[in-house]
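> how would this look folded up:
(chains A, B, C and D, ligands or ions: 4)
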Amino acid sequence: MSKKSPAAAAGSAKTDDTLLACYRAMLRIRKVEQRLSKLFADKEVPGFIHLSIGQESVPVAISRHLRDSDTIAATHRGHGQALAKGIDLHGFVAEMMGRESGICRGRGGSMHIAEAKVGMLGANGIVGGGMSIATGSALAHKLSGKGDIAVCYFGDGALAEGIFHECLNLAALWSLPVLFACENNGWGEFSRTDRQFCGKLAQLAGAFDVTYRFANGLDVADVTQVAGELIDVMRVDRRPAVLECKVERFHGHFEGDPQKYRDPAELAALADKDPLAHARLALERAGVDPASLDALDAELTREIEAAVDAARAAPQPDFASARADVYAH
Amino acid sequence: MSKKSPAAAAGSAKTDDTLLACYRAMLRIRKVEQRLSKLFADKEVPGFIHLSIGQESVPVAISRHLRDSDTIAATHRGHGQALAKGIDLHGFVAEMMGRESGICRGRGGSMHIAEAKVGMLGANGIVGGGMSIATGSALAHKLSGKGDIAVCYFGDGALAEGIFHECLNLAALWSLPVLFACENNGWGEFSRTDRQFCGKLAQLAGAFDVTYRFANGLDVADVTQVAGELIDVMRVDRRPAVLECKVERFHGHFEGDPQKYRDPAELAALADKDPLAHARLALERAGVDPASLDALDAELTREIEAAVDAARAAPQPDFASARADVYAH
Amino acid sequence: MEQMRFGQAIGKALADAMQADPTVILFGEDIGEAGGPFGVTRGLYQTFGAARVLDFPISEAAIVGTAVGAALSGYRPVAEIMFMDFCTLAMDAIVNQAAKAHFMFGGQTSVPLVVRAPHGGGLNAGAQHSQCLEAWFAHVPGLHVVCPATPADAYGLLRTAIDSPNPVLYIENKALYARKGDMPEMPAAIPFGQARIARAGRDVTVVTYGAALYQAEAAAQQAATLGIDVEVIDLRSLQPWDEASVLASLSRTHRLVIFHEAVEAFGVGAEIAARMADVGFDELDAPIVRVGAPFMPTPYSPDLEHAYLPNAARLLAAIERVML
Amino acid sequence: MEQMRFGQAIGKALADAMQADPTVILFGEDIGEAGGPFGVTRGLYQTFGAARVLDFPISEAAIVGTAVGAALSGYRPVAEIMFMDFCTLAMDAIVNQAAKAHFMFGGQTSVPLVVRAPHGGGLNAGAQHSQCLEAWFAHVPGLHVVCPATPADAYGLLRTAIDSPNPVLYIENKALYARKGDMPEMPAAIPFGQARIARAGRDVTVVTYGAALYQAEAAAQQAATLGIDVEVIDLRSLQPWDEASVLASLSRTHRLVIFHEAVEAFGVGAEIAARMADVGFDELDAPIVRVGAPFMPTPYSPDLEHAYLPNAARLLAAIERVML
Ligand SMILES: Cc1ncc(C[n+]2csc(CCOP(=O)(O)OP(=O)(O)O)c2C)c(N)n1
Ligand SMILES: Cc1ncc(C[n+]2csc(CCOP(=O)(O)OP(=O)(O)O)c2C)c(N)n1
Ligand SMILES: [Mg+2]
Ligand SMILES: [Mg+2]
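Numbering: from 1, shown residues only, chains lettered A, B, ... in the order given. Ligands and ions are numbered 1, 2, ... in the order given. Next up is the predicted model:
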């Protein structure tokens, strides 16, 4: 995914190709997370996990325009962000299951998953924690002059953290190539964000003279288009930008959260707000054979099950070697 | 000062009265700080002191609209803010000189001067440190429902601290009666703020739907007018507001700073940007007898010298009692 | 006596304090309608309303900072920082503002503020959701630090904390929330600086606090089967801590082990050991041994975290060592 | 040998490291054209330009946070926090991000970051500009903490810190900036975790670090006139600290006093005392005594601050006490 060339295509065949690729990437994330949900229920995945089901369009769309040397800082709800950036699936699943073969050797888990070599600088357990990391990475990109960019993923709840303001200023002041990508799902844990934060993101960005764009997360094509436009400009002008995507959080804040605090009508309405279903419909309308999509599903199931099986077979991490690896040598 | 009734008057005689009162209050601050400058040079005042010479118009104008039960959180450059709010002069001077008769018994000094009973919640050694204190005090005012307001003084350099964003959001979200009063002197220590912060304050306030007004700090009447309008509305609608005042920092960042980093032309131009000289000229033009202003000066000199003499005569603070007073009982 | 869960005891202390004093207000994230991330504040929003249970945005610095301002303006805020690890975002308000105001202002004012902070591991929550950082706060003059282990103490220490004119870090081990214990009908406030002898014994003094108490009690039982009679002291309050009680116990047992979940190096146990190596030196018949977490971040995987967390077996080994 | 001021030695280490490695970049407030609040970075902006000497806005959280991001992306940032007291605003980046990344990510990456933080009192700068908070950082797995006392050590430890793949808190006592000392022509990097015997002695071991070293040396001289031969150990590095050297010294003198400017309670000295009360127990002929600041915020007035700061006289009294 992360090696695809930038910008949405003009011709409709190419558009369909893009959509198909996006669909595939979204489906892969969806299926991985659904599997994690089951593994969590079965106590094969411990801790807190925050699923991004319903939000897959954002990282998938953005990552179409990224290369390996671009960097991202991900959130606590970052499985999709990591997978879209190209994190190794076996290492990913094994990490969730706390194995030695995990990409972080079982030391990090869902909230601290990272893969340096694909530019994934880490999920974060601290809301807003990745903002300055992405901004600092963008500063490094600027200094090294290779044209790379950084993506700072964050949720709408993180808008209330002061670090956002500090980073927006720095990025604007010094022209840092960082895309502030807000996955706005309307919620921060059990609280509606509109009762928590009253700043208007477009105007905040405007106050720093930073380009702001909105995209409809239900429509991965729209996000791909808008993200592509922002990133294409950013590769040239090296200025930050803000991308806000409206999405829906289908699952609870964390797995196991029954979402009792949400209006049943709101929950019922989610079915119509699924970017994956939306993409599938569009593909079918464009004449893609549904059977081929089902085949894709089966193929992904095999890939994921292989990863789960491998993780299950992998050894538990070794405490002594973890103990000895607090510092780099 | 802090007991005067709000809002600028209409008739010109009354305007002159207001101006005269402002002049007196500004002159008092100026003369206190000039005296401190001398005491500092003579090593009678230790530590770091940050003089507000050139910036007196802001707290003087704002404080005309405040009552004792209103609260302020002051900055490291807060002598004028404290004096305008009605802090006891003897206690103030003695504190600067580190005496037991100091308002903080010699424990706080310039950066930590406070007088609870006149609503002066403390200067602050932390840039931005007072912002959340003022916001929290405004929350208390809202809860207690007595119509009081809080003033949050800050410098332009503090705009870059994340806490500003957090407080602006909270104040707007919950309708807290807090006036964010920015003394914009263009500098943060030895750095020009326009090279440090690129957000536009008016737009930032606007993003939170918070009223923003600009006032010319050279003209105390303008600041008085604008602050009065904001505060009159705030007493009723209980909404926050932002007031930005352009002022000049005549002295160095701290006493002893020769300001070599400033353009000599900029320093030379300061003479024309003195709110005190500006007010005096306006008074003289309005027919106020210069001799009466000189008499005022002499009267203030006597008041200040009496405070200095009293402080000099006061005992040094007692270590054992300070040691025993780390916790309230 | 009624049984009550640790988390409920905290909720009851909050409710009783709010009932008793209209200036007590709660600050925190998701503490309102949602009842708090761990359910501790459940029902309080419904009882006391939005004006007294303030559901904050995700702005930790402002949560504690505004609490300082409200405390300086006549209120008694109890601020919840969802995980103690997030105190890192509110250190200025806690350390530079709350802790110092009374002193810096020459005693004019005080900051009656409580910061509630859940600490501790065992949930496989990883390195940023498991830390025990109490040693930081115990090092800051002007703060009180308490860490209850039982529901009754949770209640009593929180009432004292809320009534205190000084800022208090009130630390709750997340693993304790569901734990039940006795709750007297008229539960008493518990003064700061008074330890509790959780188990009397003659041979070794084990000093502990918070959730570690239960491992200490288990180790003491195991030691008893080996013929070692362990005295277990639950400090309850860490700043100030009850030096006199620890010294008195040491004067009886002449052996001291300190046990806590926090990282051992530069942890709370260091201060206790250091003081006893000074004022208790003549009483010591054996090295002072500490048992705490190893010097590493809290790992995620259950196996790793299990090996990481201090436990009764490691404590027992230390007890046996000082008995040699 | 050339004489150089402590502050200049730091500047020289920065300059030499920047010369040697183009990925070394400086972050901080007023460190550019202005040369830094204490003049430490003077000339570096002019030599290395705005791309490598980054004059930040007043945004401490972002200073360290972006430094972490840059460190994860191939650079070696050296971030200055103007006064150590302001680290309170950057704790998340230091503690939750920098310190843990290497471990949490399974060793994939490292965070080669230095945070320079001036600590210490004596300037009548009050409670928010004088704190010595090193004990906090020494308690955090994943961080190194160093605190030099001489220009040569300032140079050598900073070179090691910048070369380290791990995050380092590099602590400078403000009172030392103007102090002169020897600077070898080819100054060496100084490994972490190696103490220096500043003065050899037979009767008592005094362990210290940072500016307190000079008071310790003065006290040792005074003690000599009383016939007490004091060994003074300058730790230089606090995390890791040189337990072996301290233990070796204790094994010769059998008496230990620990001396630092930081608040005594829960300070760095507590850990040293606690370790020696364990591993050094059999060597001890006297109580372990600590001398640090009393448990109070740093007061403003010269008289109060003078009474507050630990000094040679108080250390001498402690030395005499352990000699009884
Ligand atoms: C600094 C900090 N504060 C609070 C939390 C607890 N917390 C975890 S996720 C979350 C909500 C975040 O909301 P948002 O940023 O919108 O992300 P979403 O979960 O909706 O994807 C909160 C409050 C945290 N992890 N870090
Ligand atoms: C958190 C913090 N960072 C840095 C400093 C050092 N410092 C003191 S004043 C100052 C400049 C503040 O500029 P501004 O807010 O514009 O106030 P001014 O001095 O211009 O009145 C700085 C950086 C500090 N005291 N606190
Ligand atoms: Mg959200
Ligand atoms: Mg300024």
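> now the helices: where do they sit in the stretch 101-250 of chain A?
Along the stretch 101-250 of chain A, the stretches classed as helices by DSSP state H, counting those that start in this stretch are A:129-144, A:162-173, A:201-207, A:220-237.
> ok, the first one near ligand 1 or not?
No: under the criterion of CB under 6 Å from any ligand atom, ligand 1 is not reached by helix A:129-144; the shortest gap measures 6.9 Å. All C-beta spots, glycine's among them, are computed from the backbone N, C-alpha and C.
> quick one, which of the helices of the stretch 101-250 of chain A gets closest to C:I197.
Judged by CB to CB, the one of the helices of the stretch 101-250 of chain A that comes nearest to C:I197 is helix A:129-144, at 42.2 Å.
> which residue, other than its chain neighbours, is closest to the residue of the stretch 51-200 of chain C found nearest ligand 2?
Ligand 2 sits closest to C:D92 of the stretch 51-200 of chain C, with a gap of 7.4 Å, by CB to the nearest ligand atom. Spatial nearest neighbour of C:D92, excluding adjacent residues (CB to CB, 6 or more residues apart in numbering or on different chains): D:T88 at 4.1 Å.
> would C:A198 count as being in a strand?
Yes: under DSSP: H, G, I helix; E, B strand; the rest coil, C:A198 sits within a strand.
> how many neighbours does it have?
Close neighbours of C:A198, defined as other CB atoms under 10 Å in any protein chain shown, add up to 19.
> point to the residue nearest the middle of the chain.
Using chain A here. A:Q81 (2.2 Å; CA atoms, centre = their mean).
> just the helices in chain C please.
C:6-20, C:44-48, C:60-71, C:91, C:99-104, C:134-138, C:151-163, C:212-225, C:243-253, C:268-279, C:302-308, C:312-323 (DSSP state H).
> ok, back up a step: and the residue of the stretch 51-200 of chain C closest to ligand 2, what is it in contact with?
B:I126, B:G129, C:A61, C:G65, D:F86, D:T88, D:L89 (CB atoms under 8 Å, 6 or more residues apart in numbering or on different chains).
> please redo it, this time with the cut-off set to 10 Å
B:126, B:128-129, B:132, B:161, B:163, C:61, C:64-65, C:68, C:98, D:60-61, D:85-91, D:128 (CB atoms under 10 Å, 6 or more residues apart in numbering or on different chains).
> separation between it and B:S132?
9 Å (CB to CB, to the nearest Å).
> again with C:F295
For C:F295, the distance to B:S132 - CB to CB - is 34 Å.
> number of residues surrounding the residue of chain A found nearest chain B?
Proximity of chain A to chain B (CB to the nearest CB) peaks at A:G162, 2.1 Å away. A:G162: 29 surrounding residues under other CB under 10 Å.
> also A:R195?
13.
> quick one, which of C:F295 and B:S132 is more surrounded?
B:S132 (32 against 19).
> is it true that the more buried one touches B:A158?
No: contact criterion CB atoms under 10 Å: B:S132 and B:A158 do not qualify, at 11.7 Å.
> which residues are common contacts for these two?
With contacts taken as CB under 10 Å, 6+ apart, the residues that reach both B:S132 and B:A158 are B:C152, B:F164.
> what about the chain, any weak spots by pLDDT?
Since you didn't name a chain, this refers to chain A. A:1-13 (pLDDT under 70).
> quick one, longest helix in it?
helix A:12-41.
> circling back: for the residue nearest to C:D92, what are its contacts?
B:126, B:129, C:61, C:88-97, D:60-61, D:81, D:128, D:131, D:133, D:136.
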